[in-house]
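# Could you work out the structure for the sequence below:
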Amino acid sequence: MSSIRNVLFVMCDQLRADHLACYGHPYLKTPNIDALARRGVRFDRAFVQSGVCGPSRMSFYTGRYVSSHGATWNRVPLSIDELTLGEYLKDRQQRLALVGKSHVTPDRHGLERLHIEGDSELGVLLREGHFRLVDRYDGHHAEPDGGYARYLRERGYASADPWSDYVISAEDEHGRVVSGWHMRNVHLPARVAEADSETAYTTDQAIRFIEGHGDAPWVLHLSYVKPHWPYMAPAPYHNQYTLDQCLPLQRHPRELAAPHPVVTAYRQQEECANFMRKEVAHHVRPAYQGLISQLDAHLGRLWQTLETLGRWQDTLIIFTADHGDFLGDHWLGEKELFYDTVQRVPYIVYDPSPEANATRGQTNKQLIEAIDTVPTILEALDTPLPSHRLEGRSLLALTRDQALAQPWREAVFSELDYAYRQARLTLGRRPDECRAWMVRTDTWKYIHWEGYAPQLFDLQSDPEEFFDLGQEPGYESIRDGMRARLLDWLSHLKHRTTVSEAEVERGTNQYKNAGVFYGVW
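Residues are numbered from 1 along each chain as shown. Purely as a prediction, here's the structure:
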């Protein structure tokens with residue numbers, strides 16, 4: 001029986017793997033995240049299933065690829081037919097609690113089809129992806145009726161919309177209130193006090209939840225909205241770093257010579273057009289780093305709570321992000337496209353079990369994916385893994401046996417549906433013509449674009465992914481092999497989800513027992 005009784009699943013929004021000290025950043029201070037890495041295993045090559053918040057998170061929450069669960073974009077609901085971690089835990093009489101962001105969009109058509117009232121107990125669970133809400137806070141737009149807004153008003157921030165007026169606003173040198181929606185202002189301190197900021201508030205909610213459970217078991221998804229835009233940090237984090245303490249821009253003039261049509265269309269979108277300007281990227285990066293240091297400081301408060309309560313002995317901790325942020329790299333802003341800058345994320349697992357003692361503080365180089373999260377949590381809690389649905393694998397074998405003889409997996413996969421983006425209009429594509437799939441191995445990255453030539457990168461000679469070989473002569477066999485690998489992956493996605501493998505085994509060749517005798521002479 002597992003010694004693990006609790007799970008803390010921490011996710012940051014838009015946090016690059018290379019922006020943590022334990023992942024090699026030479027200046028960014030993240031002592032508490034580094035301490036977690038020393039207690040557990042730091043996975044160096046962890047990849048998400050989409051560079052977009054919604055589809056990436058739905059893969060984290062279901063253990064399934066985007067092509068399987070179907071929530072391909074932020075505005076696309078996860079079908080109520082899809083099972084999430086919360087529903088799996090329900091079968092063992094546990095609830096999955098949420099503090100912070102989930103990005104779950106209600107499947108209103110599915111609820112209406114099944115005549116499920118949206119405000120019923122079942123309807124609320126299905127609307128929220130089977131999270132039990134402690135305090136949901138998505139933090140990318142004004143939520144004037146939410147718990148955080150009410151908290152701010154109680155703290156004296158008198159406003160109908162304190163998020164817009166204080167959290168993402170600042171005062172310039174003339175005393176004028178300016179908005180953090182304009183990146184030119186992110187060098188200024190936010191008008192909200194640090195103790196009342198989003199990161200502080202979210203951490204307070206998590207600590208209150210954990211303390212309130214005493215010795216009763218719990219599973220908590222703590223989901224921070226930072227360092228996602230708006231990149232406004234409260235003092236003193238707004239100016240903690242200078243530009244010379246930031247990573248240099250990763251871009252090459254060759255990338256602008258005959259680029260891929262979809263990448264070209266993305267660079268015409270406002271966020272990319274601005275981040276192509278060096279002064280914009282240089283202005284934003286210090287603030288982005290400040291938000292990360294602030295996150296780390298509050299995680300230190302959380303770690304101390306676990307220490308005080310004795311929870312390090314029985315709590316599995318997973319720390320990760322839903323994707324990265326270009327910040328001007330590759331002449332791009334935001335996320336979405338398939339460069340490692342966005343697709344590779346930090347992933348640290350603290351396994352309190354004695355069997356994991358031999359791997360503590362180690363760095364694991366195996367390829368892992370976001371879909372490995374659900375099976376890892378289920379196995380840690382001695383919950384059966386529904387193999388007919390789950391497409392990931394539990395990582396406990398890696399936390400408890402670093403010397404596995406066989407590679408964990410040979411490739412990772414990611415997807416993009418850009419139908420909602422301006423790039424689609426620029427290219428004149430229909431909404432059903434805007435899909436792309438990536439397959440990445442140790443040595444190659446191949447991207448299949450619907451209706452366009454592929455992209456190919458040699459990750460050994462060009463780890464920065466500056467030189468696209470998608471149409472270069474001499475690489476036909478590589479492209480054919482990677483395309484075949486992608487097709488093989490697509491053919492093995494798990495779509496038969498209404499019966500288990502055991503049920504198929506029991507039902508095989510049983511037609512005569514059911515009174516059916518066809519083909520008999």
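
# so where's the stretch 401-521 of the chain uncertain?
Counting by pLDDT under 70, the stretch 401-521 of the chain contains low-confidence ranges at 402-406.

# Now the spatially most central residue of the chain: closest residue in space that isn't a chain neighbour?
In the chain, the C-alpha closest to the average C-alpha coordinate belongs to Asp322, at a distance of 1.3 Å (Cα atoms, centre = their mean). The shortest distance from Asp322 to any residue other than its chain neighbours is 4.5 Å, reached at Ser56 (Cβ to Cβ, 6 or more residues apart in numbering). Just so you know, the C-beta spots here come from the backbone N, C-alpha and C atoms, and that holds for glycine as well.

# Just say helix, strand or coil for the one you found.
State at Ser56, reduced to three classes by DSSP: H, G, I helix; E, B strand; the rest coil: helix.

# Enumerate every residue touching it.
Contact analysis of Ser56 by Cβ atoms under 8 Å, 6 or more residues apart in numbering lists Val48, Gln49, Ser50, Asp322, His323, Ala370.

# residues contacting the nearest residue to the second one once chain neighbours are set aside?
Distances taken as Cβ to Cβ, 6+ apart place Ser59 nearest to Gln49, at 3.8 Å, with adjacent residues excluded. Neighbouring residues of Ser59 by Cβ under 8 Å, 6+ apart: Val48, Gln49, Ser50, Tyr65, Val66, His69, Glu369, Ala370, Ile371.

# Now do the helices in the stretch 201-350 of the chain.
Defined through DSSP state H, counting those that start in this stretch, the helices belonging to the stretch 201-350 of the chain, from first to last, are 261-267, 270-275, 278-309, 340-343.

# tell me which residues in stretch 3-10 are buried?
Going by neighbour count (16 or more other Cβ atoms under 10 Å), the buried part of stretch 3-10 is Ile4, Arg5, Asn6, Val7, Leu8, Phe9, Val10.

# Would you mind putting those residues into CSV with secondary structure alongside?
Converted to CSV, those look like this (three-state DSSP):
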residue, secondary structure
Ile4, coil
Arg5, coil
Asn6, strand
Val7, strand
Leu8, strand
Phe9, strand
Val10, strand
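
# Could you work out the most separated pair of the residues you listed?
Set against one another by Cβ to Cβ, those have their most distant pair in Arg5 and Val10, with a gap of 17.5 Å.

# Between the helices of the stretch 201-350 of the chain, which one is closest to Thr363.
Closest of the helices of the stretch 201-350 of the chain to Thr363 is helix 340-343, at 16.7 Å (criterion: Cβ to Cβ).

# what's the closest one in contact with?
By Cβ under 8 Å, 6+ apart, the residues outside helix 340-343 that reach it are 16, 18, 47-48, 51, 250, 323-326, 329-330, 335-336, 414, 438, 440, 465.

# Out of those residues, list just those in strands.
Using DSSP state E, the members of the contacts of helix 340-343 that fall in strands are Phe47, Ser414, Met438, Arg440.

# for the residues you listed, which one is nearest Ser477?
Distance to Ser477, by Cβ to Cβ, is smallest for Arg440 among those, at 18.0 Å.

# Check the spacing between that closest one and Leu469 real quick.
Counting by Cβ to Cβ, to the nearest Å, the gap from Arg440 to Leu469 is 14 Å.

# Can you pick out the residue with more neighbours from the two?
Arg440 (23 against 20; other Cβ atoms under 10 Å).

# residues touching the more buried one, list them.
For Arg440, the residues meeting the contact criterion (Cβ under 8 Å, 6+ apart) are Phe47, Gln343, Leu367, Ala411, Val412, Phe413, Ser414, Tyr446, Leu459.

# ok, and the most crowded of the residues you listed?
Comparing the contacts of Arg440 on neighbour count, Ser414 comes out first with 29 neighbours (neighbours: other Cβ under 10 Å).

# My guess is that one contacts Pro55. True?
No: counting by Cβ atoms under 8 Å, Ser414 stays clear of Pro55, with 9.4 Å between them.

# so what sits against both of those two?
Gln49, Val66.

# how far does stretch 469-477 stretch from start to finish?
The stretch stretch 469-477 measures 12 Å between its terminal residues, going by Cα to Cα, to the nearest Å.

# Any regions of the protein where pLDDT drops low?
Applying pLDDT under 70 to the predicted model, the residue ranges of the chain that meet it are 1, 402-406.

# Strands of that one, residue ranges please.
Counting by DSSP E, the chain has strands at residues 6-13, 41-47, 96-100, 132-136, 169-171, 177-179, 219-227, 315-321, 344-350, 362-369, 412-417, 435-440, 444-449, 455-458.

# circling back: identify, from the contacts of Arg440, the entry nearest to Glu503.
Relative to Glu503, the closest of the contacts of Arg440 is Phe413; by Cβ to Cβ it sits at 27.5 Å.

# Quick check: bridge partners of the closest one?
According to DSSP bridges, the partner residues bridging Phe413 are Val439.

# Return the distance of it relative to Tyr65.
With Cβ to Cβ as the criterion, Phe413 and Tyr65 are 6 Å apart.

# which residues do those two both contact?
Common contacts of Phe413 and Tyr65 (Cβ under 8 Å, 6+ apart): Gln49.

# Could you tell me how far the residue nearest to Pro375 when sequence neighbours are not counted is located from Thr383?
When the adjacent residues along the chain are set aside, Pro375 lies closest to Ser394, with 4.2 Å between them (Cβ to Cβ, 6+ apart). As defined by Cβ to Cβ, Ser394 lies at a distance of 11 Å from Thr383.

# now swap in Ala419 and tell me
From Ala419 over to Thr383 the distance is 36 Å, taken as Cβ to Cβ.

# Would you confirm that Phe413 contacts Glu369?
Yes: judged on Cβ under 8 Å, Phe413 makes contact with Glu369 at a distance of 7.5 Å.

# Residues that sit against both of the two, list them.
Taking Cβ under 8 Å, 6+ apart as the contact rule, the neighbours common to Phe413 and Glu369 are Gln49.

# And Leu115, how close does it get to Ile80?
Just to correct that, residue 115 is His rather than Leu. With distances defined as Cβ to Cβ, the gap from His115 to Ile80 amounts to 12 Å.

# Gly515 now?
Using Cβ to Cβ, Gly515 is found at 35 Å from Ile80.

# Neighbour count: those two, which is higher?
Ranked by neighbour count (other Cβ under 10 Å), Gly515 and Ile80 place Ile80 first, with 22 against 6.

# The more buried one contacts Asp107, doesn't it?
Yes: with contact defined as Cβ under 8 Å, Ile80 counts as touching Asp107 (4.7 Å).

# Now list whatever residues contact both of these two.
The overlap between the contact sets of Ile80 and Asp107 (Cβ under 8 Å, 6+ apart) consists of Leu126.
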